[in-house]
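J.: this is a predicted model, with the sequence first.
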Amino acid sequence: MQPKNPFDWMLSEALDQLTRGERMRQQFGRQDACWEPPIDVLETEHELLILVALPGVNPDNVETVIHDGVLVISGQRTLPPELRNARIHRLELPQGRFERRIALPLGRYAISRFVMDGCVALRLAKS
């Protein structure tokens, strides 16, 4: 049997502690947003188009609400259940709760969602 590499062991322990800490925060802590996804906002005469970089997130699981002229986009990005016990070599895409707030021009909007090139796209039709 080969001795454990101390660096691999320390990294494994650190990841285990982060996972346990995140579980405790979710159970007992506040549920504040942890990260903000990058966005593009484009406007035409008839609509605003917002592209939110959320690869692997189902647009039906993205919450959108307009409150006091601010569009709030929120949800959760998690690893699929079949990958939760996988050995992680690199994890650069953020996981967990996200929220993004965007001030909108004055007006009334009808929101629809769709997927576009790995982004969740929001179409805010002007009315």
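T.: Cool, got the structure.
J.: so, low pLDDT: which residues of the chain?
T.: For the chain, residues meeting the criterion pLDDT under 70 lie at 1-3, 22-33.
J.: which stretches of it form strands?
T.: Per DSSP state E, the chain carries strands over the ranges 39-43, 47-53, 63-67, 70-77, 96-103, 109-116, 119-126.
J.: output the first one as PDB, nothing but the C-alphas.
T.: Meaning strand 39-43. Extracted C-alpha coordinates of strand 39-43, given in PDB (Å, rounded to 0.1, in the frame of the first residue of the first chain):
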ATOM      1  CA  ILE A  39     -24.700  39.300 -17.600                       C
ATOM      2  CA  ASP A  40     -25.200  41.200 -20.900                       C
ATOM      3  CA  VAL A  41     -28.000  43.700 -21.200                       C
ATOM      4  CA  LEU A  42     -29.200  44.700 -24.700                       C
ATOM      5  CA  GLU A  43     -32.100  47.000 -25.700                       C
END
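J.: show me what that strand is packed against.
T.: strand 47-53, strand 96-103 (3 or more CB pairs under 8 Å, 6 or more residues apart in numbering; DSSP states H and E). For the C-beta atoms, the positions are set from N, CA and C on the backbone; glycine is no exception.
J.: what's the offset of it from the middle of its chain?
T.: 17 Å (CA atoms, centre = their mean, to the nearest Å).
J.: that concludes my questions; thank you for your assistance.
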